[in-house]
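Visitor: Dropping the sequence and predicted coords here.
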Amino acid sequence: THCGARTAPEGTRVSLSALVARASSCCLTSVHTLKESHRFHRPQSDSRVIVVLGPQSAMAEQLTPTTLAVAGATVYVAWKSKRKIWDYVCHLLLKYRGIFCVFVVMPVSLLFDAFWWIRGWYIQAFESLPHLHQKRVEAVQQQVRSFRASGSKLKMCTARPSWMTISMRFAKYKTKENAIHVDLHDVLGIDEKRRVVRVEPLVSMGQLSAYLVSRGWTLEVLPEMDDLTVGGLFMGFGIETSSHKYGLFQDIVEEVEVVLADGSAVSCSATKNIDLFRALPWSYGTLGFMVSCELRIIPCKRYVDVTYIPCYSQEEYVRVFSEASLAKEPAQFVESLVFDKSHAVVMLGNFSDGPAVEAPLNAIGRFYKPWFFEHVRDFLKNGPSRETIPLRDYYHRHTRSMFWELRDIVPFGNNPVFRYLLGWMMPPKVAFLKLTQTENIRQLYEEKHVDQDMLVPLDRLSECIDVFHRDFRLYPLWLCPHRVYKTEPQGFLSPSKSGVPYEMYVDVGAYGPPAVGGYGVKNLRRVEAWVSSVHGYQALYADTYLSYPAFRDMFDHTLYEKVRTKYEAEKGFPEVYDKVKKQ
């Protein structure tokens, strides 16, 4: 007890009427609202928790500066909601999230995928894509010109709803008044002589890999999640296990077509409008609307021969991973999963013509197969091994389990019985998971969940693992090496070392609820500060708590600001920080 309040163990359902406190005698270091149907959770074991009863408005009047006398307390302002039915629905959605996901979200996701597959097949079979593409671009231009003519003080953005993006962040800057419809979803064609494929910005990786692999081609860098789109990967951030050879997704783009703030359409590449071309990656649509691009492709084979190397100390897996990333003749694919601070599995893959005696076939993409990260974990017990995986299965190996995020949403999802009976519907689409989130779930994700990719120089990997362990204690971690190129002019990213054409970095990905005690914003800010101090970068698809000066310290704005001025982007688009900062 504290201040006369009756408390309850963490996670238990309590009667609000049984919790009474004298808030006037305690400090409020943080304020939360607690509705009647919520569960009560102590935020830290050493926190003093006060619950105040009454109407929300009355509580706001009580929370005056005079109450801030003693440090270390958290107050929960509780009131009885008049929306009894909706509150009960929200409670059920939180408590039975996995069941709701299986019987509602997954079937809807399956129908959505079927619709887009049929649509794509019809367009490829019967429509004249280049001609329709030009008409769609002209429609975007007309919208932009009309918006500018209206004299609106708002800044433009795409009309794509925030819930449809694969990021768990909700964009609050979108309104009906500033939304431009950029409905461009199609593969426009392949030029095998030039080794490029031309696509529209909303083409997904699942759509593109199916189109290319069936023709014997693949992208130099093809990110693994099915629903990632070309536009988001180029204007934002994209990586794959071949990035140690080819760089980030932005580095395989040959040419981009963009609609600018004045409604004009321009093309840019490494040889024309080069300043715009270098400034677009990581600009998140704040310089113009991308309407098409050309991506470099390479010949491929139908299978990947994967070697699994289990490691049993931090020193060992850092060494093995670094040597594989920096090899003069590296494997086509390099990645690692770190299962705890001392155990990891390093994976090396190369194109293959088919299974071999020492590398039997394992079609890991089939619905009844174990989730890939759990399959990889088994090699810590079973020792080194090789196997052959179909190429598309390899590319989308983390899709069915959304890396390991689904273990918290559908805890029984990897159970063999579930996989055989309902695994064919997996995975649910991130878009529909976001759309069906209640306010409590959204708040839970914001406060007690990590979705972060930090890009740091490879020679700082061991130190980065230590930092993640200190502030997140979240496993597995995903390790993916990639090049950061020196370019002229230089965009947002640059190597930490001077005088080199490129430097090897590593993406350290953390996804899930952290296990470190008392996790909060302070932990993420501490990680952000360390990443910036070693000339690293934070992937901006997730929440960033960087202040504006700290954001400018991390990302070089020199070229970006010149391009914004030259093309008058500030008249039509927000600044990148205003789009990616924590809303």
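Guide: Yep, it's here. Numbers count the residues shown, from 1 in each chain.

Visitor: C-alpha from now on. contacts and neighbour counts both.
Guide: Will do.

Visitor: Helices along the stretch 301-450 of the chain, start to end?
Guide: 314-326, 372-377, 379-382, 391-395, 406-409, 416-422, 430-435, 439-448 (DSSP state H, counting those that start in this stretch).

Visitor: Let me know the average pLDDT across the first one.
Guide: Per-residue pLDDT over helix 314-326 has a mean of 97.

Visitor: so what secondary structure elements neighbour it?
Guide: strand 333-340, strand 343-352, helix 461-471 (3 or more C-alpha pairs under 8 Å, 6 or more residues apart in numbering; DSSP states H and E).

Visitor: What of the third one?
Guide: Here helix 379-382 is seen to pack against strand 303-311, strand 343-352 when contacts are counted using 3+ C-alpha pairs under 8 Å, 6+ apart.

Visitor: Would you reformat the helices and strands packed on helix 314-326 as a markdown table and include distance to Asn523?
Guide: Output for the helices and strands packed on helix 314-326, formatted as a markdown table (distance: least, C-alpha to C-alpha, whole Å):
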| stretch | distance to Asn523 |
| --- | --- |
| strand 333-340 | 19 |
| strand 343-352 | 23 |
| helix 461-471 | 5 |
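
Visitor: Out of the ones you listed, the one nearest Arg119 is which?
Guide: strand 343-352 (31.2 Å; C-alpha to C-alpha).

Visitor: For Leu260, find the nearest of the helices and strands packed on helix 379-382.
Guide: Leu260 lies closest to strand 343-352 among the helices and strands packed on helix 379-382, at 40.4 Å (C-alpha to C-alpha).

Visitor: who touches that closest one?
Guide: Strand 343-352 is contacted by residues 300-314, 317, 320-321, 324, 331-338, 376-377, 379-380, 388 when judged by C-alpha atoms under 8 Å, 6 or more residues apart in numbering.

Visitor: pLDDT below threshold where in this protein?
Guide: For the chain, the stretches with pLDDT under 70 are 1-94, 120, 123-130, 163-177, 583.

Visitor: let's see it at 80
Guide: Filtered on pLDDT under 80, the chain yields the residue ranges 1-98, 116-117, 119-131, 161-178, 430-447, 582-583.

Visitor: Show me where the stretch 451-583 of the chain has its helices.
Guide: Going by DSSP H, counting those that start in this stretch, the stretch 451-583 of the chain shows helices at 461-471, 521-533, 548-554, 558-566, 576-580.

Visitor: circling back: quick one: buried ones out of the contacts of strand 343-352?
Guide: By neighbour count, with 16 or more other C-alpha atoms under 10 Å, the contacts of strand 343-352 hold 300-311, 314, 317, 320-321, 324, 331-338, 376-377, 379-380, 388 as buried.

Visitor: Mind putting the helices and strands packed on helix 379-382 into TSV with distance to Pro201?
Guide: Converted to TSV, these look like this (distance: least, C-alpha to C-alpha, whole Å):
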stretch	distance to Pro201
strand 303-311	28
strand 343-352	28
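
Visitor: Point out the one among the ones you listed that comes closest to His185.
Guide: Nearest of the helices and strands packed on helix 379-382 (C-alpha to C-alpha): strand 303-311, 27.7 Å.

Visitor: From the contact counts, what lies against the closest one?
Guide: Counting contacts by 3+ C-alpha pairs under 8 Å, 6+ apart, strand 303-311 is packed against strand 343-352, helix 379-382, strand 385-390, helix 391-395.

Visitor: switch the cut-off to 10 Å
Guide: Contact here means 3 or more C-alpha pairs under 10 Å, 6 or more residues apart in numbering; DSSP states H and E; on that basis strand 303-311 packs against helix 314-326, strand 333-340, strand 343-352, helix 372-377, helix 379-382, strand 385-390, helix 391-395.

Visitor: what is the orientation angle of the first one with strand 343-352?
Guide: Think helix 314-326. Between helix 314-326 and strand 343-352, the angle comes out at 20 degrees (axes from the mean of the first three to the mean of the last three C-alpha atoms, to 10 degrees).

Visitor: Output helix 314-326 as CSV, nothing but the C-alphas.
Guide: Taking Å, rounded to 0.1, in the frame of the first residue of the first chain, the C-alpha atoms of helix 314-326 are listed here in CSV:
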residue,chain,number,x,y,z
GLN,A,314,29.2,-13.4,-29.0
GLU,A,315,32.8,-13.3,-30.1
GLU,A,316,32.3,-16.3,-32.4
TYR,A,317,29.2,-15.2,-34.2
VAL,A,318,30.4,-11.6,-34.7
ARG,A,319,33.6,-13.0,-36.2
VAL,A,320,31.9,-15.5,-38.5
PHE,A,321,29.3,-13.0,-39.6
SER,A,322,31.9,-10.3,-40.3
GLU,A,323,34.2,-12.6,-42.3
ALA,A,324,31.3,-13.7,-44.4
SER,A,325,30.2,-10.2,-45.1
LEU,A,326,33.7,-8.9,-46.0
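
Visitor: Quick check: the residue nearest to Trp217 when sequence neighbours are not counted vs Ile252, distance?
Guide: Counting by C-alpha to C-alpha, 6 or more residues apart in numbering, the nearest residue to Trp217 once its immediate chain neighbours are dropped is Pro299, at 4.5 Å. In this view, Pro299 and Ile252 are 15 Å apart by C-alpha to C-alpha, to the nearest Å.

Visitor: More neighbours: which of the two?
Guide: Ile252 (20 against 15; other C-alpha atoms under 10 Å).

Visitor: pretty sure that one contacts Glu294?
Guide: Yes - using C-alpha atoms under 10 Å, Ile252 makes contact with Glu294 at a distance of 8.6 Å.

Visitor: where do the contact lists of these two overlap?
Guide: Here Ile252 and Glu294 share the contacting residues Val196, scored by C-alpha atoms under 10 Å, 6 or more residues apart in numbering.

Visitor: ends of stretch 424-443, how far apart?
Guide: Stretch 424-443: ends 31 Å apart by C-alpha to C-alpha.

Visitor: gap between it and the chain center?
Guide: From the chain centre to the centre of stretch 424-443 is a distance of 14 Å (C-alpha atoms, centre = their mean, to the nearest Å).

Visitor: Would you mind listing the buried residues in that stretch?
Guide: For stretch 424-443, by 16+ other C-alpha under 10 Å, it's 425-434, 436-438, 440-442.

Visitor: and what of stretch 391-402?
Guide: 391-402.

Visitor: With stretch 100-114 instead?
Guide: Buried residues in stretch 100-114 (16+ other C-alpha under 10 Å): 100-102, 105-110.

Visitor: again, but for stretch 567-581
Guide: So, applying 16+ other C-alpha under 10 Å, buried residues of stretch 567-581: 569-577, 579-581.

Visitor: what's the answer for stretch 476-490, then?
Guide: Neighbour counts over stretch 476-490 (16+ other C-alpha under 10 Å) mark 476-486, 490 as buried.

Visitor: Confirm for me that Phe339 is in contact with Leu479.
Guide: No - using C-alpha under 10 Å as the test, Phe339 is too far from Leu479 to be in contact (11.2 Å).

Visitor: what's Gly354 in contact with, if anything?
Guide: So Gly354 contacts 301-305, 360-361, 388-390 (C-alpha under 10 Å, 6+ apart).
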